[in-house]
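# below is the structure, and that's it, no one-letter string:
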């Protein structure tokens with residue numbers, strides 16, 4: 001329940017317009033009118049079936065309660081390969097929090113069905129004849145994570161600097177750390193990323209980073225190095 005409340009708060013703030021940034025023409029703009037690929041020289045993926053941006057994750061009616069107005073039947077990554085390390089003293093969880101939401105695309109498969117297609121356009125996020133774009137994040141993209149997380153920063157654990165045997169973590173009570181933690185001192189995808197704010201490369205906040213990572217500032221918020 002605490003994790004659900006956390007998601008409601010984080011995502012609820014986003015849909016209420018608290019964040020000034022927009023996903024329009026960002027990597028999270030999966031609509032047919034997105035110019036993200038042409039602007040970056042990358043490969044556009046998503047669906048040409050609709051110009052609606054929000055429908056890929058949210059619906060105003062008949063939504064799931066997984067997250068605010070959630071519109072996707074998301075994967076539960078119970079079979080995900082977990083991150084392990086001799087210096088990592090916690091156990092990651094890829095089955096709850098925001099992981100299933102993010103991985104409904106970042107596992108490489110966007111075809112998870114939408115809950116409410118609102119009658120039209122039909123076939124959103126399906127490989128129908130009308131959609132001329134790929135429903136898979138290009139393999140060369142660093143955002144294609146798959147389900148093997150052995151080489152990805154762990155998420156889904158409770159941050160406790162006193163339980164870190166290497167004493168390599170900034171104190172849990174530190175204000176900078178607390179600004180990133182979610183729920184009850186938990187580390188999730190949303191600890192580092194703001195799904196609704198693509199950030200700015202010049203400012204060091206791309207892609208979708210909550211804190212500018214200039215000179216690894218985001219990393220050093222939690223890690224003593």
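Received the coordinates, thanks. The structure displayed is predicted, hence computed values, not measured ones.

# give me the below-cutoff pLDDT ranges for this structure.
1-20, 117-131 (pLDDT under 70).

# how about the strands in it?
Along the chain, counting by DSSP state E, strands occupy 157-158, 186-187.

# buried residues, stretch 33-51. List them.
34, 36-37, 44-50 (16 or more other C-beta atoms under 10 Å). For the C-beta atoms, the positions are set from N, CA and C on the backbone; glycine is no exception.

# same question for stretch 151-166.
Quick answer for stretch 151-166 (16+ other C-beta under 10 Å): 152, 154-157, 159, 161, 164.

# which residues does that stretch contact?
Stretch 151-166 is contacted from outside by 82-83, 87-97, 99, 145, 167, 169-172, 177, 181, 184-189, 191-192, 222, using C-beta atoms under 8 Å, 6 or more residues apart in numbering.

# could you rerun that using 6 Å?
83, 87, 89-90, 92-94, 97, 99, 145, 169, 171-172, 181, 185-189 (C-beta atoms under 6 Å, 6 or more residues apart in numbering).

# same check on stretch 187-199?
Taking C-beta under 6 Å, 6+ apart as the rule, stretch 187-199 contacts 10, 14, 19, 21, 23, 26, 97-98, 102, 155, 157, 159, 180, 182, 205-206, 208-210.

# can you go through these and name the buried ones?
Those of the contacts of stretch 187-199 that meet the buried threshold are 10, 14, 23, 26, 97-98, 102, 155, 157, 159, 180, 182, 205-206, 208-210, by 16+ other C-beta under 10 Å.
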